[in-house]
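Engineer: quick one, what's the 3D model for this:
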Amino acid sequence: MTQLSVKHLLGIKDLKEEDIRLIFETADNFKTIINRPIKKVPSLRDITVANLFFENSTRTRISFELAQKRLSADVINFSSSSSSVSKGETLIDTVKNILSMKVDMVVMRHPSPGAPVFLSKHIDATILNAGDGTHEHPTQALLDAFSIREALGDITGKKIAIVGDILHSRVALSNIYCLQKLGAEVMVCGPSTLIPRHIEQLGVKVEHNLRKALEWCDVANMLRIQLERQDIKYFPSLREYSMQYGLNLKLLESIGKDITIMHPGPINRGVEITSDVADSDYSIILDQVENGVAIRMACMFLLANHKES
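Structural biologist: Numbers count the residues shown, from 1 in each chain. Take a look at the predicted model:
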């Protein structure tokens, strides 16, 4: 397989296993390139990419921008807070205006689930979803799986526990889809108020005890508590949550086996994970950030070279 089966990257749900493996193989090549003294390649020369961020972002935005510049693309950055959106302009008008300036690809983060899908039906440019509300965050899931593959060899048969605020997490949903397509077993762990109802129907195990989840898994992906998306109190306090579901080095070492620790960022140190774990040899958190650039380069390169069959 030499090209993706999709024109847009809207979510992992739309991808086939072959698509994911093609992205990984392409990212392997780009990772070699970005570790060379001359990091730029002319792969996306004359392609214009608009970064439309309607929600705050640090890592994802910088990672996409760096990936675009490494590929020699022309980049336009858009932030809703300093744009006409604050004057009442609709999403589709905003994008149509940007596209009239002849943009080839749109990287979009939006607080509303399904916004990139809606957009893909109304405009011609290629859409790459950088996170839509509580729905999906495909490039994060791809870089997480790529990092697991790098750390453990193969993903097939591996046991991955996703711990924390599953209910509000687009990272959790994309990770579940991605890891299952690659043959991994997935467990979600957290307080019952933060685990979506009927999530078992996605084929995942559910556990409410962190210690049991750690004893079961090879990899633990610790998610942030998304207070900005919580309209009611789902647990008594952050201190209480941390006592039940916070990962510290004492607990990790008491399990008696090597567990790879991941976190999509931003980390709330002392809540879901302590500094002694985040900065330990168990953690591949900074590898995830590095791999994010290679994965995003691969996604944009493959989407730009996609030809309708």
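Engineer: worst-scoring helix or strand of the chain, pLDDT-wise?
Structural biologist: Least confident helix or strand of the chain, by mean pLDDT, DSSP states H and E, is helix 91-99 with a mean of 81.
Engineer: does anything pack onto the helix or strand following it? Which helices or strands?
Structural biologist: Using DSSP states H and E, the helix or strand that follows helix 91-99 towards the C-terminus is strand 105-110. Contacts defined by 3 or more Cβ pairs under 8 Å, 6 or more residues apart in numbering; DSSP states H and E place strand 105-110 against strand 48-53, helix 59-70, helix 91-99, helix 115-120, strand 126-132, helix 285-304. C-beta coordinates here come from the backbone N, C-alpha and C atoms, glycine included.
Engineer: make JSON lines out of the ones you listed and add mean neighbour count and distance to Lys13.
Structural biologist: What follows is the helices and strands packed on strand 105-110, written out as JSON lines (neighbours: other Cβ atoms under 10 Å; distance: least, Cβ to Cβ, whole Å):
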{"stretch": "strand 48-53", "mean neighbour count": "22", "distance to Lys13": "22"}
{"stretch": "helix 59-70", "mean neighbour count": "20", "distance to Lys13": "19"}
{"stretch": "helix 91-99", "mean neighbour count": "16", "distance to Lys13": "22"}
{"stretch": "helix 115-120", "mean neighbour count": "21", "distance to Lys13": "11"}
{"stretch": "strand 126-132", "mean neighbour count": "25", "distance to Lys13": "11"}
{"stretch": "helix 285-304", "mean neighbour count": "22", "distance to Lys13": "15"}
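Engineer: least reliable of the ones you listed by average pLDDT, please.
Structural biologist: Of all the helices and strands packed on strand 105-110, mean pLDDT reaches its minimum on helix 91-99 (a mean of 81).
Engineer: any low-confidence regions in the stretch 101-250 of the chain?
Structural biologist: Low-confidence segments of the stretch 101-250 of the chain, defined by pLDDT under 70, span residues 227-232, 236.
Engineer: which ones are touching the residue most central in space within the chain?
Structural biologist: What sits nearest the mean C-alpha location of the chain, by Cα atoms, centre = their mean, is Gln140, with 1.6 Å. Counting by Cβ atoms under 8 Å, 6 or more residues apart in numbering, Gln140 touches 60, 131, 170-171, 174-175, 264, 292.
Engineer: part of a strand, is it?
Structural biologist: No: using DSSP: H, G, I helix; E, B strand; the rest coil, the secondary structure at Gln140 is helix, not a strand.
Engineer: which parts of this protein are strands?
Structural biologist: Secondary structure of the chain (DSSP state E): strands at 48-53, 74-79, 105-110, 126-132, 159-163, 185-189, 205-207, 219-222, 260-262.
Engineer: flag every buried residue along the second one.
Structural biologist: What it means is strand 74-79. By 16 or more other Cβ atoms under 10 Å, the buried positions in strand 74-79 come out as 75, 78.
Engineer: ok, residues contacting it?
Structural biologist: Contact with strand 74-79 is made by 46-53, 65, 68-69, 94, 98, 101, 103, as judged by Cβ under 8 Å, 6+ apart.
Engineer: go on, the longest one?
Structural biologist: Outside strand 126-132, the residues within contact range by Cβ under 8 Å, 6+ apart are 7-11, 51, 53, 55, 57, 60-61, 64, 104-116, 119-120, 136-140, 170, 299-300, 303-304, 306.
Engineer: how far out from the middle of the chain is it?
Structural biologist: Distance of strand 126-132 from the chain centroid (Cα atoms, centre = their mean, to the nearest Å) equals 11 Å.
Engineer: got it, and the fifth one?
Structural biologist: Strand 159-163 has its C-alpha centroid displaced from the chain centroid by 15 Å (Cα atoms, centre = their mean).
Engineer: quick check: angle from that strand to strand 185-189?
Structural biologist: 20 degrees (axes from the mean of the first three to the mean of the last three Cα atoms, to 10 degrees).
Engineer: so how far is Met300 from Val293?
Structural biologist: 11 Å (Cβ to Cβ, to the nearest Å).
Engineer: returning to what we had before: may I see the helices and strands packed on strand 105-110 organised as JSON lines, with distance to Ser79 added?
Structural biologist: Shown next, in JSON lines, are the helices and strands packed on strand 105-110 (distance: least, Cβ to Cβ, whole Å):
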{"stretch": "strand 48-53", "distance to Ser79": "6"}
{"stretch": "helix 59-70", "distance to Ser79": "9"}
{"stretch": "helix 91-99", "distance to Ser79": "12"}
{"stretch": "helix 115-120", "distance to Ser79": "16"}
{"stretch": "strand 126-132", "distance to Ser79": "13"}
{"stretch": "helix 285-304", "distance to Ser79": "19"}
